[in-house]
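Colleague: below is the structure, and that's it, no one-letter string:
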């Protein structure tokens, strides 16, 4: 059977502030008097799309330009001498060969096939298309050979591979590995720090990146600016070192504060200020390239002024690409039209926002429930009753939906079998018959009305064939859309143990709000019980390099960078492969049953379904989740709470005892 392919996307990157300070900060290895470099970088929506798979002995590469032109395939033997020779040629394939050379040096690997079937990123426009190629190659090797590279690891191999080519890349370029997340990169000699940034809830920054249609030579620009390093011998040299040193540091630190506030107007003013400083100090060092008449023509165009907060150059500057920060989404569209109609300049958009929060939840409830047979013949396990802490008997599915609604979820999608649809609709959509309603006390009548009110947020999706948990989640693709969503197991009960009783769902949402990434709910579990749950391997997450793991709710012991996800492993496997540093050897971290996921999971699931990739005859969810981890990263969050499953009679009995008030709990 042929090796299954993996889809990989890597965006370009745009430097919002701090161009050239990456290499300037690198000169600190010669003189500590030179200031550190600082850049704010973010990935573009455009980039490189590729299908990758293993090859037994060669590197096989096909490339596609932005205009659709195909090149290749080019085949290079996976031998170090062949790879280094190809790397030194200086074309598209040299970048792939350079990274492959570095990977082969450090790992026992064979070859790969990279089919770059689509490119939406223009080349040589300051958006780091070459760095995107290198990151894509490093990511492909990591995915296919399960090397478990971190994003920083991908960046390092991409950089080390690219500097083997004639390219004059800097450390900043590989920032595209972080995707759409803005990052602050700090350069201190050979040392690089990366700090993720975010736009506050409710704020959006609307950029237009314009192709100025001019010519520039990055080589000439670098020759002019770098002539003053490491020692500034002339006034021009001193001006460049001031620009890329203390002036740049001040601008970037202020930009970080403005990003944190979502202050678009303030950022726009800072863009004009930064460009004025660049013109004053950098232009004299390379006037043939940095006079930039096309950029300044755009900056002073009268029709654009009321539509933008700020305009400045991008990348190495020169008349390659410009960035315009627009006053809103409508203005963003108008700016694009003006640039095209009055300058014949094509452009692309980039919008940074925190998102709207988690508003959609998915609950699969279409399983057969074999371990609770025959109780699951007349009613699904999700409909089994529990008695909650208030003493009210209610179906488990309704108990969970209440928790979702209380946490602010607006749309709840429940996946059901066709034969069960009526019973779920009767719970959430049908009013209690008048004769029965009259038999209820006033508080229960009010509760009946509240059930219908909650039911307005509930929709049902019928899974026509029970093809597995992964298939059930995939059925919700169209209804979820293009936003992160919560996934909740319907046959679990979740109970918070926090002092302020912040629900388990609310804890997950708060964590996602802070980190804006895939979040996997976790629970500490005795290792002898690991074969009942999905489990993970990982390392404790640190918010910054100085975090010693002594923090509270948001820090040590609560957040884990997930490195592997395994479904119901054996105890022996868990002992060998799933240890967490600083955790007791007799404990592991298992899945809690709550997830917040990017919609990318649907693409992974669809690929597996379309290729009929099954586990034990079904389309499983855990392998798709592990693929998502490899491609985007997953943050594990150890909840302050308990989860109780109802997968068999003994577990259901424990759940009943744990969920109800202690004064009426079942006794042995």
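Modeller: Great, that's in hand. For clarity, every value in this text was computed on a predicted model and none was experimentally measured.
Colleague: quick one: secondary structure of residue 349?
Modeller: Secondary structure assignment for residue 349 (DSSP: H, G, I helix; E, B strand; the rest coil): strand.
Colleague: so what touches the helix or strand bottoming out on mean pLDDT in the chain?
Modeller: Every helix and strand of the chain was ranked by mean pLDDT, DSSP states H and E. The lowest is helix 649-659, at a mean of 79. By C-beta atoms under 8 Å, 6 or more residues apart in numbering, the list of residues contacting helix 649-659 from outside reads 371-372, 381, 384, 386-389, 399, 493, 495, 642, 644-646, 665-666. Yep, even glycine has a C-beta here, placed from its N, CA and C like the rest.
Colleague: same thing with stretch 254-263?
Modeller: 16-17, 40, 182, 184, 197-200, 202-205, 266-267, 270.
Colleague: and if we set it to 7 Å?
Modeller: 17, 40, 182, 184, 197, 199-200, 203, 266-267, 270 (C-beta atoms under 7 Å, 6 or more residues apart in numbering).
Colleague: so which of those residues comes closest to residue 327?
Modeller: Using C-beta to C-beta, residue 267 comes nearest to residue 327 of those, at 11.6 Å.
Colleague: what's the burial count for the nearest residue to that closest one once chain neighbours are set aside?
Modeller: The shortest distance from residue 267 to any non-neighbouring residue, by C-beta to C-beta, 6 or more residues apart in numbering, is to residue 258 (4.8 Å). By other C-beta atoms under 10 Å, 18 other residues sit near residue 258.
Colleague: helix or strand: which one has residue 258?
Modeller: Here residue 258, judged by DSSP states H and E, is contained in helix 248-261.
Colleague: buried sites along that helix?
Modeller: Using 16 or more other C-beta atoms under 10 Å as the test for burial, helix 248-261 gives 248-249, 251-252, 254-256, 258-259.
Colleague: helices along the stretch 201-350 of the chain, start to end?
Modeller: 218-226, 235-242, 248-261, 264-281, 287-290, 293-299, 329-343 (DSSP state H, counting those that start in this stretch).
Colleague: report the inter-axis angle for the helix holding residue 258 versus helix 264-281.
Modeller: Using axes from the mean of the first three to the mean of the last three C-alpha atoms, to 10 degrees, the inter-axis angle of helix 248-261 relative to helix 264-281 is 170 degrees.
Colleague: ok, of the contacts of helix 649-659, which come out buried?
Modeller: Among these, the ones that count as buried by 16+ other C-beta under 10 Å are 372, 381, 384, 386-388, 399, 493, 495, 642, 644-646.
Colleague: how about low-confidence regions in the protein?
Modeller: For the chain, the stretches with pLDDT under 70 are 1-5, 122-128, 168-169, 201-202, 354-356, 499-501, 542-557, 660-668.
Colleague: now for residue 11: which residues touch it?
Modeller: Residue 11 neighbours (C-beta under 7 Å, 6+ apart): 43-47, 132, 176, 179.
Colleague: which SSE is immediately downstream of the helix or strand hosting it?
Modeller: Here residue 11, judged by DSSP H and E, is contained in strand 6-17. Using DSSP H and E, the helix or strand that directly follows strand 6-17 along the chain is helix 21-26.
Colleague: which residues does that following helix contact?
Modeller: If you take C-beta under 7 Å, 6+ apart as the criterion, helix 21-26 is touched by 34, 36-39, 170-172, 187-189, 229, 244-245, 248.
Colleague: quick check on these: which are buried?
Modeller: 34, 36-39, 170-172, 187-189, 229, 244-245, 248.
Colleague: on that earlier part again, mind giving me the PyMOL command for buried ones among the contacts of stretch 254-263?
Modeller: Paste this into PyMOL to select the buried members of the contacts of stretch 254-263, with burial taken from 16+ other C-beta under 10 Å:
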select buried, resi 17+40+182+184+197+199+203+266+267+270
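Colleague: rebuild the contacts of stretch 254-263 as JSON lines, extending it with distance to residue 609.
Modeller: Converted to JSON lines, these look like this (distance: C-beta to C-beta, whole Å):
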{"residue": "17", "distance to residue 609": "43"}
{"residue": "40", "distance to residue 609": "39"}
{"residue": "182", "distance to residue 609": "34"}
{"residue": "184", "distance to residue 609": "39"}
{"residue": "197", "distance to residue 609": "36"}
{"residue": "199", "distance to residue 609": "34"}
{"residue": "200", "distance to residue 609": "38"}
{"residue": "203", "distance to residue 609": "37"}
{"residue": "266", "distance to residue 609": "47"}
{"residue": "267", "distance to residue 609": "43"}
{"residue": "270", "distance to residue 609": "47"}
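Colleague: parallel or antiparallel, which strands does the one helix or strand residue 521 maps to pair with?
Modeller: Per DSSP H and E: residue 521 is located in strand 518-526. Sheet pairing of strand 518-526 (DSSP bridges) gives strand 587-597 (antiparallel), strand 634-638 (parallel).
Colleague: what would these look like in a markdown table with distance to residue 445?
Modeller: As requested, these are arranged in a markdown table below (distance: least, C-beta to C-beta, whole Å):
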| stretch | distance to residue 445 |
| --- | --- |
| strand 587-597 | 33 |
| strand 634-638 | 39 |
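Colleague: and of the ones you listed, who's closest to residue 483?
Modeller: Comparing those by C-beta to C-beta, strand 587-597 comes nearest, at 10.4 Å.
Colleague: which parts of whatever helix or strand comes next after the closest one are buried?
Modeller: Next along the chain after strand 587-597, taking DSSP H and E as the criterion, comes helix 600-610. Residues of helix 600-610 classed as buried: 600-605, 607-609 (neighbour count, 16+ other C-beta under 10 Å).
Colleague: cool, stretch 353-367 as well?
Modeller: Per 16+ other C-beta under 10 Å, stretch 353-367 contains these buried residues: 353, 355, 358, 360-367.
Colleague: please list all residues in contact with residue 190.
Modeller: Counting by C-beta under 7 Å, 6+ apart, residue 190 has contacts residue 29.
Colleague: what is the nearest of the contacts of stretch 254-263 to residue 238?
Modeller: residue 17 (21.6 Å).
Colleague: what helices and strands are in contact with the longest strand along the chain?
Modeller: Longest strand of the chain, by residue count under DSSP state E: strand 37-55. The contact analysis (3 or more C-beta pairs under 7 Å, 6 or more residues apart in numbering; DSSP states H and E) places strand 37-55 against strand 6-17, helix 21-26, strand 111-119, helix 129-144, strand 183-188, helix 248-261, strand 347-353.
Colleague: ok, now how distant is the residue lying closest to residue 56 once chain neighbours are set aside from residue 611?
Modeller: For residue 56, ignoring the flanking residues on the chain, the nearest one in space by C-beta to C-beta, 6+ apart is residue 110 at 5.6 Å. Distance, residue 110 to residue 611, by C-beta to C-beta, to the nearest Å: 22 Å.
Colleague: more neighbours: those two, which one.
Modeller: In terms of neighbours (other C-beta under 10 Å), residue 110 is the more surrounded of residue 110 and residue 611; the figures are 14 against 10.
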